[in-house]
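[1] structure for this input, please:
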Amino acid sequence: MRNVQYVFQADTIKLGKSDVLQALPIKSVEQVSPFLLLHHFKKLNIPAGEVDFAVSPHPHRGFEPITFLFEGELHHRDSRGNEGFLKSGDVQWMTAGMGIVHSEEATKEFIESGGNLQLVQLWVNLPKKNKMATPNYQDIKSETIPVYISDDEDLKIRVIAGEWNELKGVAKTFTPVNALHVILNKDKYDEIKMPAGHNLMLYVLNGFVEINGKHHAKEGFIAIFENEGEFISVKGLENSDFLLLSGTPIDEPVASYGPFVMNNQTELMEAVRDYQAGKMGILTY
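    Below you'll find the model as predicted:
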């Protein structure tokens, strides 16, 4: 069994007008390579006409910002001419690479109708050789994501990236990454095998779970595992769902400044200059 190293409650931070749970970086843990940041816009029920979710145009370079939309509808635009609409269960897997400017906002239809909104933004690092890759946008629709369903239907696992139990995720990644969305009913127990040698973390979106028979984590908690072993056990103490994220560590220096993640300060300064010079493209709000 793979041991749990830490269990932390996410910090609440202000991001624009929204209160956001920041599960990574947290306390003494700067990253769980290749994962750099995890922000959870927790579930909100928003009345019709009162939806106020908009992230204005901003740049990225050197990593992959990923949006998991669990509930709601979003409109995405970027400076490379990409545009997309996300609905509940969809995933936006974007490669910032050499640089991109993008924005996200609730769709007009969702603003008019109201409803539940819940999403996670995850930053996945890129190795040095890929940091200046051509920017790319993967629009992953919910119906294309393979799903494992247990015989009793008390466990569902959506395989978004990587391979698990002979299912292969749709997302294309630069380094080995597994991204699983696990839905677990109350009292359901299961042992889940994850790749040996991967760094591994579990983030609880909703509910309350028991991990390895002794650690407890509820909504907004992150469990970070030791690197040895393959199996973890999870039991639903309530109807729950969580992200299970693993990846091969990138053994390189990390230098970050706001929305840029490179390997050293010189590269960060170049990123700032390139953005200011319009080399990442221009996107008006």
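
[2] and the residue most central in space within the chain, what does it touch?
    By C-alpha atoms, centre = their mean, the chain has its centre lying nearest to Leu122, at 2.9 Å. Counting by C-beta atoms under 8 Å, 6 or more residues apart in numbering, Leu122 touches 35, 37-39, 65-66, 68, 179, 243, 245. (Glycine included, C-beta is placed from N, CA and C.)

[3] beta partners for it?
    Leu38, Ile66 (DSSP bridges).

[4] ok, it to Met201 distance?
    10 Å (C-beta to C-beta, to the nearest Å).

[5] any shared contact partners between these two?
    35, 245.

[6] quick check: which element contains the closest residue to Ala96 other than its chain neighbours?
    Counting by C-beta to C-beta, 6 or more residues apart in numbering, Ala96 lies nearest to His60, which is 3.6 Å off, once chain neighbours are set aside. Assessed by DSSP states H and E, His60 sits inside strand 54-60.

[7] buried residues in that strand?
    Across strand 54-60, burial judged by 16 or more other C-beta atoms under 10 Å covers 54-55, 57, 59-60.

[8] got it, and stretch 133-153?
    So for stretch 133-153, counting by 16+ other C-beta under 10 Å, buried means 133, 135, 137-140, 142, 145-146.

[9] can I get those in a markdown table including secondary structure, distance to Ser79 and pLDDT?
    Formatted as a markdown table, the buried residues of stretch 133-153 follow (DSSP: H, G, I helix; E, B strand; the rest coil; distance: C-beta to C-beta, whole Å; pLDDT from 0 to 100):
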| residue | secondary structure | distance to Ser79 | pLDDT |
| --- | --- | --- | --- |
| Ala133 | coil | 16 | 98 |
| Pro135 | coil | 8 | 95 |
| Tyr137 | strand | 11 | 91 |
| Gln138 | strand | 17 | 94 |
| Asp139 | strand | 17 | 94 |
| Ile140 | strand | 21 | 98 |
| Ser142 | helix | 26 | 98 |
| Ile145 | coil | 27 | 99 |
| Pro146 | coil | 32 | 99 |
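
[10] of the contacts of Leu122, which is the most crowded?
    Most neighbours among the contacts of Leu122, by other C-beta atoms under 10 Å: Leu245, with 29 neighbours.

[11] residues contacting it?
    By C-beta under 8 Å, 6+ apart, the contact list for Leu245 reads 32, 35, 122, 177-180, 200-203.

[12] what does Asp11 give?
    21-22, 26.

[13] redo those residues as CSV? Include distance to Gln9, neighbour count and secondary structure.
    Formatted as CSV, the contacts of Asp11 follow (distance: C-beta to C-beta, whole Å; neighbours: other C-beta atoms under 10 Å; DSSP: H, G, I helix; E, B strand; the rest coil):
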residue, distance to Gln9, neighbour count, secondary structure
Leu21, 9, 21, strand
Gln22, 11, 17, strand
Ile26, 9, 17, strand
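
[14] and of those residues, the nearest to Glu270?
    Gln22 (27.4 Å; C-beta to C-beta).

[15] related to what we said a few turns ago, relative to the strand holding His60, what are the paired strands and their orientations?
    Here, using DSSP bridges, strand 54-60 pairs with strand 100-106 (antiparallel).

[16] point out where the stretch 151-285 of the chain drops to low pLDDT.
    Applying pLDDT under 70 to the stretch 151-285 of the chain flags the ranges 285.

[17] show me the strands in it, by range?
    Taking DSSP state E, counting those that start in this stretch to define them, one finds strands in the stretch 151-285 of the chain at 155-161, 163-164, 167-168, 177-184, 189-193, 199-206, 208-211, 215-218, 221-225, 231-236, 240-247, 255-257, 260-262.
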